[in-house]
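*Asks:* here are the coordinates; sequence isn't available:
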């Protein structure tokens, strides 16, 4: 409904303005799309083979659903959507806004009066909201997967985007440790499916961390303890110790913690370290027992990627049991992670429902596969036959023959313009189309097509029945 | 990084608050997802068979990219995202904001100082931006498709959502009318693929409408003319005439227009009406000639759904040639629409690139197929075998047998808890899982599974090799 003069004005205005997109966001062209779809379909296939079903939630959630779930830092990173009518019909709100603006003009004062919705920050919290909202329609245990973009107003940097996809798989409403075992199995299968060798599934348990805090007599400092431990990959052992000193941990406590931080050896060795250390802590020993069960089952079933890691903590404090993180020696950050949470739905008024799940970082996996050159050639499966356009009569014939090829499952195009042959062949080359079909007077008479193999230059006149093209 | 006490506070706070989602938005559960995927994959398959390649653009665009492209009304319906730091480091902006707020507190004054990004409103404008931004990497003619959600802050009502999917297919950089013919072919194929009979592809041409305005000597009133004609389905012929009167069209002009509005008959009959009416208009006759070419080719190729509709106008004024709209007798609004636009990329500084495309309304198609009961039963392809969990030893065995079934392509679950048999069977029933596998002492000894057909109650002890389950 834009009027023509507006468009003209815009054309002039924008002559200088180079089109661009918001910082930290990306366009995906055909090549990226085919690679991304390769990853997504590998993941989906494993999930579905294990009986997980897809769901999707909206891009926007009510702000009340999201705030307070990701910590202060997370709240700051929400993309908040301006209300359509910030105050209409609500004079008190207008007054509130005016005050907010006169005083501080600070985002923390402005945002609440102007926004009621925000873009989703992860898939877990909206999923918890979904479960509570639809509890009466869900059969528990509920095995769901969800592949959708999320948005974070993070500082953009290499490998960190403001819009990125998460691939989450969770079971909710089941306490059985078999769920943890199945997640480990699925992680191995997903990375097998994309031919990525050498992954390590790091495993720990939040109850073990709680137990450690108990043994140190520092249960009130569990959060700073986990936050510090979580940084060990980045800042090293001494970095963690200094961090703990900053948080007023005594030298005695730090000294006692050292055997945990320094522990090495097989999973069995590490379990021994924990059993000795945590003997006095009930919750700690429960964590050890959970770890032992999971590790034994994995061993019996031949899942070989699992490594106990006593310093694995994971940032999010809703975890209550097993925690996972998948690492690859060629990549600086984890490519998958998750854990068990005993009360995520409690936030929305449905307590005591345990869940466990992991999230695959599609964008990181994308980068890693690219770096290791692991994409199969055939991920970009485009047109296989291009009919050259020699004019209306020939093109009409080509259209009907193209339809016959498509009916045989062969992706086929007819060049849409009667352009010079050279231009049409250049198009076929640029798109790596393997065959070109030529239909002139003779082919029209014989009800055939002449098929040219672009790699070998070989040409053959064939009836459609005779055409055989296997997917490249 | 939320601390536990915060979470407790939240639990208490939210006990009363029922979780919900923003108005006009939807969750999709497993059943809806499988139906939606059925539609999307039918559409994708047709697009890819015709050599169209997928792209994706971000959810957010710069506001400057979007505003002014959808008319004032469209601008009002953009979901605008609050800047993370509305004024930080820019004192002049702070002052600007303060002024905006002290004066009117009106959205039109507030929004520009607080927002730089908005959620995409359609796929066409971001696509035009994409083409211009990536022009050097694109081979023209560029055949792309795009299936993504878009967002509009429309008043929610039955069948109209604030988040909905568009499935766009366009060719850009080609003038050939064969593109229009191919789009018609693809529209027929998409609706064939989902077994929807009885669609009508309404066809008209913007040049014809321009010609009509010329003949009426009202070229300055082309926009109100098209806007009025566009409403004929809703307000009828007299409604359109009254609308034109309101727009100061003379009775003489309205009288002259009547034969166009009232014209009926075959496509050939309607072409005759146009040829007589538009004889004096060069652009009008060009439009007629384009229509005639497209209709002749469609007839020769056996595409039978195309009907010329002289009142079809379509709201968006960037169309310059053919316009399409797909209707179905059982549905009140169009389920697909589009047209040719000769200069959409001109807005972003790349003039004279012609494009043509259509957009399938996935949500409307979803509703229509549901109403007509056209979803195949097998769209929801879930778990085929559930292993009952009889305890750790049996479950470990079940896990290994489940993996063997999955390797045969059979989606399989192991119940994750050692719950009562009744509960596990109830789960299988609720999820319509067709087979339950039972593995106890005897099966472990024999290296078999006992498979129970849930429909017939029949049970058989089988080795994994012997299991044959065809997709339901």
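*Replies:* Arrived safely, thanks for sending. From a predicted model like this one, the values you see are computed outputs, not experimental measurements. Numbers count the residues shown, from 1 in each chain, chains lettered A, B, ... in the order given.
*Asks:* show me where pLDDT drops low in the stretch 301-450 of chain A?
*Replies:* A:316, A:378-381 (pLDDT under 70).
*Asks:* enumerate the residues of it near chain B.
*Replies:* A:301, A:315-318, A:346-349, A:351, A:381-383, A:386, A:389, A:392, A:395-396, A:399-400, A:403, A:406, A:409, A:411-414, A:416-418, A:427, A:430-431 (CB under 8 Å from any CB of the partner chain). Using the backbone N, CA and C atoms, a C-beta is placed for each residue, glycine as well.
*Asks:* which of these fall within strands?
*Replies:* Counting by DSSP state E, those place A:386, A:412-414 in strands.
*Asks:* with distance to residue A:217 and neighbour count added, can I get the residues you listed in a markdown table?
*Replies:* Shown next, in a markdown table, are these (distance: CB to CB, whole Å; neighbours: other CB atoms under 10 Å in any protein chain shown):
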| residue | distance to residue A:217 | neighbour count |
| --- | --- | --- |
| A:386 | 75 | 25 |
| A:412 | 74 | 26 |
| A:413 | 73 | 27 |
| A:414 | 78 | 28 |
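*Asks:* tell me the one of the residues you listed nearest chain B?
*Replies:* For those, the residue nearest chain B by CB to the nearest CB is residue A:413; the value is 3.7 Å.
*Asks:* is it true that that closest one touches residue B:51?
*Replies:* Yes. Here residue A:413 reaches residue B:51: they are 3.7 Å apart, a contact under CB atoms under 8 Å.
*Asks:* how about residue A:127, phi and psi?
*Replies:* Main-chain torsions, residue A:127, degrees, to the nearest 10: phi -70, psi -40.
*Asks:* what residue in the stretch 251-400 of chain A comes nearest to chain B?
*Replies:* For the stretch 251-400 of chain A, CB to the nearest CB, closest residue to chain B: residue A:383, 3.6 Å.
*Asks:* burial count for that residue?
*Replies:* Neighbour count for residue A:383, taken as other CB atoms under 10 Å in any protein chain shown: 22.
*Asks:* can you pull the phi and psi angles for it?
*Replies:* Dihedral pair for residue A:383: phi -60, psi 140, per degrees, to the nearest 10.
*Asks:* the closest residue in space to it that isn't next to it in sequence in helix, strand or coil?
*Replies:* Spatial nearest neighbour of residue A:383, chain neighbours left out: residue B:51 (3.6 Å); criterion: CB to CB, 6 or more residues apart in numbering or on different chains. What DSSP: H, G, I helix; E, B strand; the rest coil gives for residue B:51 is coil.
*Asks:* give the contact list for residue B:51.
*Replies:* Contacts for residue B:51 (CB atoms under 8 Å, 6 or more residues apart in numbering or on different chains) come out as A:382-383, A:386, A:411-413, B:143.
*Asks:* run the last query once more with 7 Å
*Replies:* A:382-383, A:411-413, B:143 (CB atoms under 7 Å, 6 or more residues apart in numbering or on different chains).
*Asks:* distance check, residue A:388 against residue A:429.
*Replies:* Look at residue A:388 and residue A:429: by CB to CB, to the nearest Å, they are 13 Å apart.
*Asks:* now for residue A:373, how many residues are close by?
*Replies:* By other CB under 10 Å, 6 other residues sit near residue A:373.
*Asks:* now do the shared contacts for residue A:413 and residue B:51.
*Replies:* Contacts common to residue A:413 and residue B:51, judged by CB under 7 Å, 6+ apart, are residue A:383.
*Asks:* find the nearest non-adjacent residue to residue A:403, please.
*Replies:* residue B:185 (7.3 Å).
*Asks:* quick one: pLDDT of the one you found?
*Replies:* Per-residue confidence (pLDDT) for residue B:185: 98.
*Asks:* am I right that it sits in a helix?
*Replies:* Yes. Checked against three-state DSSP, residue B:185 lies within a helix.
*Asks:* residue A:186 is in contact with residue A:50, correct?
*Replies:* Yes. Residue A:50 lies in contact with residue A:186 (CB atoms under 7 Å); the separation is 5.9 Å.
*Asks:* which one of the two has more residues nearby?
*Replies:* The neighbour comparison of residue A:50 against residue A:186 (other CB under 10 Å) goes to residue A:50, with 24 against 21.
*Asks:* any idea how far residue A:445 is from that one?
*Replies:* In terms of CB to CB, residue A:50 sits 57 Å off from residue A:445.
*Asks:* what does the stretch 151-300 of chain A have sitting close to chain B?
*Replies:* Proximity of the stretch 151-300 of chain A to chain B, by CB under 7 Å from any CB of the partner chain, involves residues A:151, A:153, A:163, A:171, A:174-176, A:178-179, A:181, A:223, A:297, A:300.
*Asks:* swap in 8 Å and give it another go.
*Replies:* Taking CB under 8 Å from any CB as the contact definition, the stretch 151-300 of chain A meets chain B at A:151, A:153, A:163, A:171, A:174-176, A:178-179, A:181-182, A:185, A:223, A:227, A:297, A:300.
*Asks:* can you pick out the most distant pair from these?
*Replies:* A:153 and A:300 (45.6 Å; CB to CB).
*Asks:* neighbour count for these two, which is higher?
*Replies:* Between residue A:153 and residue A:300, counted using other CB under 10 Å, the more crowded position is residue A:153 (21 against 15).
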